[in-house]
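Participant: 3D model of this:
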Amino acid sequence: MAGIGFELRKYLNDDTFTGSMKAYGFAGLISAGPWVLSIVGVMLIGIVAVSFALVDEQVRQFTTSVTWLMGASLILTGFLQLMFTRFVADRHFEREFDIINANFFGALLLAIGASAVLGIVLALTLFDESLAYEVLMIGNFSALSAVWIAVIFVAGLRRFKIILWTFGIGYTVTVLLSLLFMSAGLEGLLLGLFIGHVTLAFLMVGAIVPEYPVVGKVRWDFLSLPKIHPMLIWVGFFYNLGIWSDKIIFWLHPDTSEFVIGPLRTSLIYDLPIFLAYISIIPGMAVFLLTIETEFAEAYEGFFAAVRGNASLQEIELLGNAMVVAVREGLFQIVRVQGITILLLYVLGPSIVKWLELPDKFVHLYYVDLVGVGAQVLMLAVLNVAFYLDKLKEALVITAFMFVTNALFTWLSIQWGPVYFGYGFGVSMALTALVGVVLVGRELDSIEFHTFMRERKIRSTVPELSGEEA
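Facilitator: Below you'll find the model as predicted:
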């Protein structure tokens, strides 16, 4: 995402109010827009379907099915997302552009195939619905998995407007076709959703393929052992599972949920407050994209260029200090902006709940979730710094800690009663952000020492060449 951040900073360089608005507006839309567009699209389908007298139960079945599809596809592709991103980055560094497209299609086939197989197994064992419903669920599951692989690729191309256009077009198609097929009930809504997701995936593939040479075949180099970073596989999995674990536990616990269709459940008391709270993530994510993903990335490049370029120790120390300052200022700015957002939405909380005609009991849970979402943005920024510094062990500790604490604390909050709902998520995200700050801060405090020791270790593993070989 740093490439997109650098493109957006061109608007800031205009030093005008309009330029700043464009930069932060685009940053917010890019970082959280696809998620917002997808959820708003699904909600819009549900609202219009109800207004056209479609049975409320069918609308609930549709929204619940889509929510489970989103979560399951993200968790499944989490095994592949970061690993494949690193593979492509390494190929860029080695200038092996001719194998990128071939491996991209390999990653797509793997994601689609794994989703289809898992979907078929679940349909045969856990579901007892109509054949059309089960086929459409498998199709949407596979299409969404392809979208999550493609979207990280598009982000790396720095063409941020393509992300917005593709999601906008994809979910416009979804809404229109779902309404067109609405007379077919639940299956009609899912058919419109499937066509929209396939459209979205094809649009992204169409944006990616022209960027690299096309060799006309599929390759699987990203699965070869020398090119795999195993920790990234588990970091991606634990990150997505950790983000969704509180929702899943509330869905599965009999005291906080109810069956909707097949084995799929929903939690009326938890789902809407957490969704409303997640809207507050947009300002913080915009700042994250324009600070951590640009200012820190720029300082990072300057520091390591100096190390590789044999700069003087004084220059390296100055650049190292600049990198540390960039991290601190970026985190403080995220805390400041997200804090203001939370305070504003805290004040507006009762009005929002009243406007949506929700019970007053949702207000307290909404407040708790606001804090948890704010901490999640901070955690994400710290995790990103760990990725830049190639501290994969620390990243694994952060994401595994998030998963364990979110699952454990959420389960405990349910045991303790409704007054504690949401605290599991909030406390988990706050503690995870704190652990991340400590781990990354320890690395930054002695960044020069760690960098030189790492370079020395790398060089010691390269065999010396004889004069003739050299």
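
Participant: quick one, grab the pLDDT at residue 199.
Facilitator: As predicted, residue 199 sits at a pLDDT of 90.

Participant: repeat for the one 3 residues further on
Facilitator: We note a pLDDT of 90 for residue 202 in this prediction.

Participant: for it, the count of nearby residues, please.
Facilitator: Residue 202: 15 surrounding residues under other Cβ atoms under 10 Å. C-beta coordinates here come from the backbone N, C-alpha and C atoms, glycine included.

Participant: helix or strand for it, which one?
Facilitator: Residue 202 is part of helix 186-208, with elements assigned from DSSP states H and E.

Participant: for that helix, packing partners?
Facilitator: helix 17-51, helix 56-93, helix 100-125, helix 131-155, helix 160-180 (3 or more Cβ pairs under 8 Å, 6 or more residues apart in numbering; DSSP states H and E).

Participant: what's the angle from that helix to helix 56-93?
Facilitator: Here helix 186-208 runs at an angle of 20 degrees relative to helix 56-93 (axes from the mean of the first three to the mean of the last three Cα atoms, to 10 degrees).

Participant: for helix 186-208, buried residues please.
Facilitator: Within helix 186-208, the residues scored as buried using 16 or more other Cβ atoms under 10 Å are 186-201, 203-205, 207-208.

Participant: same deal with stretch 240-257?
Facilitator: 240-251, 253, 256-257.

Participant: for stretch 139-147, same thing?
Facilitator: 139, 140, 141, 142, 143, 144, 145, 146, 147.

Participant: quick one on the thing from earlier: need the max-distance pair from the buried residues of stretch 240-257.
Facilitator: Across those, the longest distance by Cβ to Cβ is 21.7 Å; it joins 240 and 256.

Participant: next, the angle from the very next helix or strand once past the helix holding residue 202 to helix 131-155.
Facilitator: For helix 186-208, the following helix or strand on the C-terminal side (DSSP H and E) is helix 230-252. Using the same axes, to 10 degrees, one finds that helix 230-252 and helix 131-155 are set 140 degrees apart in direction.

Participant: show me what helix 230-252 is packed up against.
Facilitator: helix 56-93, strand 264-266, helix 268-278, helix 392-416, helix 423-445.

Participant: can you tell me what sits against the fourth one?
Facilitator: With contact meaning Cβ atoms under 8 Å, 6 or more residues apart in numbering, helix 392-416 is reached by 229, 231-232, 234-235, 238-239, 241-243, 245-246, 249-250, 253, 255-256, 379, 382-383, 386-387, 420-425, 427-429, 431-432, 435-436, 439-440, 443.

Participant: so how far is that helix off the chain centroid?
Facilitator: Taking Cα atoms, centre = their mean, to the nearest Å, one finds helix 392-416 lying 17 Å from the centre of the chain it belongs to.

Participant: do the second one as well
Facilitator: From the chain centre to the centre of strand 264-266 is a distance of 23 Å (Cα atoms, centre = their mean).

Participant: rounded mean pLDDT for the host helix or strand of residue 259, please.
Facilitator: In this assignment (DSSP H and E), residue 259 forms part of strand 258-261. Per-residue pLDDT over strand 258-261 has a mean of 91.

Participant: could you say what helices and strands it packs with?
Facilitator: Looks like strand 258-261 contacts helix 56-93, strand 264-266 (3+ Cβ pairs under 8 Å, 6+ apart).

Participant: how does it look with 6 Å?
Facilitator: Under the contact definition 3 or more Cβ pairs under 6 Å, 6 or more residues apart in numbering; DSSP states H and E, strand 258-261 sits against helix 56-93.

Participant: quick check: closest non-adjacent residue to residue 178.
Facilitator: The shortest distance from residue 178 to any non-neighbouring residue, by Cβ to Cβ, 6 or more residues apart in numbering, is to residue 192 (3.1 Å).

Participant: is it correct that that neighbour is in contact with residue 181?
Facilitator: Yes. Counting by Cβ atoms under 6 Å, residue 192 touches residue 181, with 5.1 Å between them.

Participant: re the thing from before, identify the residues contacting the residue nearest to residue 178.
Facilitator: 174, 177, 178, 181 (Cβ atoms under 6 Å, 6 or more residues apart in numbering).

Participant: and for residue 198?
Facilitator: So residue 198 contacts residue 143 (Cβ under 6 Å, 6+ apart).

Participant: one more time with 10 Å
Facilitator: Residues in contact with residue 198, defined by Cβ atoms under 10 Å, 6 or more residues apart in numbering, are 139, 140, 142, 143, 146, 147, 170, 173.

Participant: what of residue 265?
Facilitator: Residue 265 neighbours (Cβ under 10 Å, 6+ apart): 64, 68, 248, 250, 251, 252, 253, 254, 256, 257, 258, 259.

Participant: model confidence for it, exactly?
Facilitator: In this model, residue 265 carries a pLDDT of 92.

Participant: against residue 266, how distant is the nearest residue to it once chain neighbours are set aside?
Facilitator: Using Cβ to Cβ, 6+ apart and skipping the chain neighbours, the partner closest in space to residue 265 is residue 257 (4.3 Å). Relative to residue 266, residue 257 is positioned 6 Å away (Cβ to Cβ, to the nearest Å).

Participant: which residues are common contacts for these two?
Facilitator: Joint contacts of residue 257 and residue 266 (Cβ under 10 Å, 6+ apart) are 250, 251.

Participant: count of neighbours near residue 310?
Facilitator: For residue 310, using other Cβ under 10 Å, the count is 7.

Participant: mind checking the SS state of it?
Facilitator: coil (DSSP: H, G, I helix; E, B strand; the rest coil).

Participant: list the contacts for it?
Facilitator: residue 316.

Participant: where in the stretch 201-350 of the chain is pLDDT low?
Facilitator: Across the stretch 201-350 of the chain, the ranges flagged by pLDDT under 70 are 292-294.

Participant: if we go to 80?
Facilitator: Residue ranges of the stretch 201-350 of the chain with pLDDT under 80: 214-216, 226-227, 279, 282-317, 319-320, 322.

Participant: what do you get for the stretch 1-150 of the chain?
Facilitator: 1-56.

Participant: check the protein for its longest helix and report it.
Facilitator: Assignment by DSSP state H gives helix 313-355 as the longest helix of the chain.

Participant: and of the contacts of residue 198, the nearest to residue 88?
Facilitator: Checking the contacts of residue 198 one by one against residue 88 (Cβ to Cβ), the nearest turns out to be residue 146, at 16.1 Å.

Participant: against residue 346, how distant is the closest residue to that closest one other than its chain neighbours?
Facilitator: Once flanking residues are discounted, residue 146 sits nearest to residue 201: 4.5 Å by Cβ to Cβ, 6+ apart. Using Cβ to Cβ, we find residue 201 at a distance of 39 Å from residue 346.

Participant: what about residue 128, which SS state?
Facilitator: coil.

Participant: so how many other residues sit close to it?
Facilitator: By other Cβ under 10 Å, 10 other residues sit near residue 128.

Participant: cool, the one 10 residues further on as well?
Facilitator: Here the number of neighbours of residue 138 (other Cβ under 10 Å) works out to 21.

Participant: can you name the residues that contact it?
Facilitator: The contact partners of residue 138, by Cβ under 10 Å, 6+ apart, come to 69, 115, 116, 117, 118, 119, 120, 122, 123, 127, 194.
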